[in-house]
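Participant: Make a model of this:
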Amino acid sequence: MARVAPLNIDWKPSRESGRPITEQIVDYMCEQVSSGNWAIGSRLPSQRALAEWFGVNRSTIIAAINELSDYGIVEGQHGAGTRIVSNTWSLMLMWAPAFSGRTTPPSKPSTATNSCRT
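Facilitator: Numbers count the residues shown, from 1 in each chain. Predicted coordinates for the structure are as follows:
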């Protein structure tokens, strides 16, 4: 597989928004994947690096990555990191709020146009 450029992360979750931090992180990551800013095959930074960058506990990052994995967007292997494996809308739409049972309305990071849950 060709080497993919490092991911650009230029956003941080808002503690004042009233939305769970995990949801904000999942929405941000979904937007980056669906917009093509993060290419299929790109490797995510380590959980520790993401936790430090977003200013959250590592367990929050694990929950976000697990949700993205459930959506079929990322796939992780012990020792090999987590990679983006899909950006297909069919996978993203399958997990939209109407199908997932979420009770919170879909929302997006400030620059988002689409996310996994919209």
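Participant: So the closest residue to N37 other than its chain neighbours versus S34, what's the distance?
Facilitator: The shortest distance from N37 to any non-neighbouring residue, by C-beta to C-beta, 6 or more residues apart in numbering, is to N8 (6.9 Å). C-betas here are computed from N, CA, C, even on glycine. Using C-beta to C-beta, to the nearest Å, N8 is found at 15 Å from S34.
Participant: Got the phi and psi for the residue nearest to N37?
Facilitator: phi -90, psi 120 (degrees, to the nearest 10).
Participant: With R58 instead?
Facilitator: phi -60, psi -30.
Participant: now V74
Facilitator: Dihedral angles of V74 (phi, psi; degrees, to the nearest 10) stand at phi -120, psi 160.
Participant: And for it, the neighbour number?
Facilitator: Neighbourhood size, V74 [other C-beta atoms under 10 Å]: 24.
Participant: Now it: closest residue in space that isn't a chain neighbour?
Facilitator: L68 (4.5 Å).
Participant: next SSE after the helix or strand containing the one you found?
Facilitator: Take DSSP states H and E as the rule and L68 turns out to sit in helix 58-71. Once the chain leaves helix 58-71, the next helix or strand it forms, by DSSP H and E, is strand 74-77.
Participant: Could you list every helix and strand in contact with that following strand?
Facilitator: helix 58-71, strand 81-84 (3 or more C-beta pairs under 8 Å, 6 or more residues apart in numbering; DSSP states H and E).
Participant: More neighbours: which of N8 and S34?
Facilitator: Per other C-beta under 10 Å, whichever of N8 and S34 has more neighbours is S34, with 20 against 9.
Participant: separation between the more buried one and A51?
Facilitator: With distances taken as C-beta to C-beta, S34 is found 23 Å from A51.
Participant: Okay, angle between the helix or strand where E31 lies and helix 58-71 too, please.
Facilitator: Here E31 sits within helix 21-34, counting by DSSP H and E. Put simply, helix 21-34 runs at 50 degrees to helix 58-71, going by axes from the mean of the first three to the mean of the last three C-alpha atoms, to 10 degrees.
Participant: Packing partners of helix 21-34?
Facilitator: helix 58-71, helix 89-94.
Participant: Kind regards, and thank you for your time.
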